[in-house]
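Visitor: give me a model of this one.
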Amino acid sequence: MVYTFLPNEKLKPMNQKPVYILGGYQTDFARNWSKENKHIVAMIREVLEGGIMETLLPIEDINAAFVANFAGELYVNQGLLGAFLVEADSRLTGIPSTRVEAACASGSVAILNAIAFIQAGIYDVVWVVGVEQMKTVGGQEGSKYLGRAAWYEKEAKDIDFPFPKLFGRLVDVYDKRYGIETKYLAAIAEKNYANAKRNPNAQTRNWYMSFDHANTIGEYNRILSGKLRLTDCSHVTDGAVSLFLASSDYTKKHAKKHNKKLESIPRILGWGQTTAPVEFDKKIRESEKDNYVLLYTRKAILHAFKKSGVKNCWDLDLVETHDCFTSAEYMAIDHFGLTAPGESWKAIENGVVNFNGKLPFNPSGGLIGVGHPVGATGVRQILDAFKQVNNTAKDYQIENARKVATLNIGGSATTNVCMIIGK
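Guide: As a prediction, the model looks like this:
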């Protein structure tokens, strides 16, 4: 059987009230903010000021704000991060501001909250900021923190580097059901590092990577779990990203003020969100009789397609997908429908997902190339989708990009959010 929708599941079309993206700002993901002796508030302040300059939005027009963050209490010993948005600029004092947490999908879920308030007519302009400062601790300690995005007691406690192990098991599942050659995972790594060289904010833009290195096991590319190697992983990253969303009424006024046409401004065409069982093993058991390995990830994609009027993946011009590990991008290729289930290797071998391919995946560099500050990733993906549709992605611009999909997952594909951005 090919998975479509759950029994008795009814999908409503996207709310007719459109939500527009005015723009935003991203910090340089190669920076180490601890070495600069800067507090997480400095990161928030930079993306606020940078976003205001990019959008020419009067700060007094911001009605509410959401901050996406996974583990501020652990990495920087600070909770209540929603309140720290006010600390970024005193003119924001008094507006409602809320922190949203959904592990690596925190950014997308924060955006969904903003969408809901705008479509309900409660707010006209909402500021979303994703932020994570992760370079405050060593790799071993940071890995324990990240383990909280799994079922900690069952899947992460007393386990070194639990997430490489979980996504290594995703490779094992594909290998058991369909067979998989790790050279295709190496090709994904090579592609995303190469794409990142085009991106001035990418963490790895000056790093060296080749297919031979990514495909060779040795001192500089050791096995982490199963068939997953060091080059198959995204990296510990400090970063913040801002995004400004607005109602149709406000955007019309904003566009007129800056001599733009409303139809030239990118907006969110549709989205899908699902929550799967937390445990990886339970996810896999549920999919044993299905063709797709991660049912709820597939479901989120299908929901986004239906709500936005996308017939299939070939209606898209590019995809910014969650490649915390190469196995996650390998999964996304067939779950988006580029190939039959288990045949993602065909799209890789034929160059379909390359920068100049029929449907590029992660022209920004993705999480592997750009970096993965956990709470900021989902916001960064939407900002990059905005840039592509707005034709302002510069060296990593895909020509004539009109419709972009993003896929942001939290935990071992426990929270799944797919969004479609276009004009």
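Visitor: make it CA atoms for all contacts and neighbour counts henceforth
Guide: Fine.
Visitor: where are the low-confidence patches of the chain?
Guide: 1-15 (pLDDT under 70).
Visitor: what strand or helix carries the most centrally placed residue in it?
Guide: Centroid-nearest residue in the chain, with C-alpha atoms, centre = their mean: G378, separated by 3.5 Å. Remark: G378 resides in helix 377-389, with elements defined by DSSP states H and E.
Visitor: can you check E320 too?
Guide: Remark: E320 resides in strand 318-321, with elements defined by DSSP H and E.
Visitor: again, but for N408
Guide: N408 belongs to strand 403-410 when assigned by DSSP H and E.
Visitor: who are the packing partners of whatever helix or strand comes next after that strand?
Guide: The C-terminal neighbour of strand 403-410 among helices and strands, as given by DSSP H and E, is strand 415-422. When contacts are defined as 3 or more C-alpha pairs under 8 Å, 6 or more residues apart in numbering; DSSP states H and E, strand 415-422 sits against strand 267-275, helix 295-308, helix 377-389, strand 403-410.
Visitor: between the ones you listed, which one is nearest to T98?
Guide: Judged by C-alpha to C-alpha, the one of those that comes nearest to T98 is helix 377-389, at 15.3 Å.
Visitor: quick one: that closest one to strand 267-275, angle?
Guide: Following axes from the mean of the first three to the mean of the last three C-alpha atoms, to 10 degrees, one obtains 150 degrees for the angle between helix 377-389 and strand 267-275.
Visitor: pull the CA atoms of helix 377-389 into PDB?
Guide: Output for helix 377-389, consisting of C-alpha atoms alone and laid out as PDB, is shown next (Å, rounded to 0.1, in the frame of the first residue of the first chain):
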ATOM      1  CA  THR A 377      16.700  26.000  11.700                       C
ATOM      2  CA  GLY A 378      13.000  26.100  10.800                       C
ATOM      3  CA  VAL A 379      13.100  29.900  10.600                       C
ATOM      4  CA  ARG A 380      16.200  29.800   8.500                       C
ATOM      5  CA  GLN A 381      14.600  27.400   6.000                       C
ATOM      6  CA  ILE A 382      11.600  29.700   5.600                       C
ATOM      7  CA  LEU A 383      13.900  32.800   5.200                       C
ATOM      8  CA  ASP A 384      15.800  30.900   2.500                       C
ATOM      9  CA  ALA A 385      12.600  29.900   0.800                       C
ATOM     10  CA  PHE A 386      11.500  33.600   0.900                       C
ATOM     11  CA  LYS A 387      14.900  34.700  -0.600                       C
ATOM     12  CA  GLN A 388      14.500  32.200  -3.400                       C
ATOM     13  CA  VAL A 389      10.900  33.200  -4.300                       C
END
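Visitor: and the contacts of that helix?
Guide: Surrounding helix 377-389, the residues in contact under the criterion C-alpha atoms under 8 Å, 6 or more residues apart in numbering are 21, 23-26, 104-108, 111, 128-130, 241-243, 266, 320-321, 364, 367, 393, 397-398, 400-406, 408, 421-423.
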